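Student: Predicted structure and sequence below. I'll ask about it afterward.
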Amino acid sequence: MKNALEYLFYRDEFCQQFTDYLKQNNIPWELTREPIQDAFVVMVNEKSIAAVWDEVDEYYDQLAEQESVVMESDERDENISTAGIHIQLSSGQNTIAKVDPIVLKRILSVVDNQAFAQFIDTIVASVEQPDDSAICQNNYDSR
């Protein structure tokens, strides 16, 4: 799906709640599986939810928080991180950056998912294509 927003779920029941919500609101979606973590990825065309993006994003955030609580309560080993950032490299390879769940939660409490994804994409592009020029010479898309 082109220009898709991706919503990631680790547990089927939360994915099902989200897709039911999309169906009730007549929002088309596609479901795929993320191969690294075997997670559910619900893809929604950005244009199809432009008018209701905030509501959809808010509902997703609520479900993601509930899912996080369930997963943390299921966690047996306190040293295992249950948070990760899905990254797609320019080669098409997918990877997961494991992060401290507390840090990720703090970031997402002040930055919306779209801005965070753009931030991560900028970091990935900078790592894959290093640029030694002075920062005042760099041009970036401030969307």
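Tutor: In hand now; what should we look at? Computed from a predicted structure; not experimentally measured.
Student: Could you use CA atoms for every contact and neighbour count after this?
Tutor: Noted.
Student: List the contacts of the residue lying closest to E30 once chain neighbours are set aside.
Tutor: Residue nearest to E30 in three dimensions, not counting chain neighbours: M43, with 5.1 Å by Cα to Cα, 6 or more residues apart in numbering. Residues near M43 by Cα atoms under 8 Å, 6 or more residues apart in numbering: M1, A4, L5, E6, Y7, W29, E30, L31, T32.
Student: isn't there a helix covering M43?
Tutor: No: counting by DSSP: H, G, I helix; E, B strand; the rest coil, M43 is not found in a helix; it is strand.
Student: Just grab the bridge partners of it for me.
Tutor: Listed beta-bridge partners, M43: E6, E30 (assigned using DSSP bridges).
Student: In terms of helices and strands, where is Q62?
Tutor: helix 53-74 (DSSP states H and E).
Student: What's the first helix or strand after that helix?
Tutor: strand 83-88.
Student: give me every residue that touches Y60.
Tutor: Contacts of Y60 were listed using Cα under 8 Å, 6+ apart, and they are Y7, F18.
Student: what about it, distance to Q114?
Tutor: Applying Cα to Cα, to the nearest Å, the value for Y60 to Q114 is 13 Å.
Student: now swap in L8 and tell me
Tutor: With distances taken as Cα to Cα, L8 is found 13 Å from Q114.
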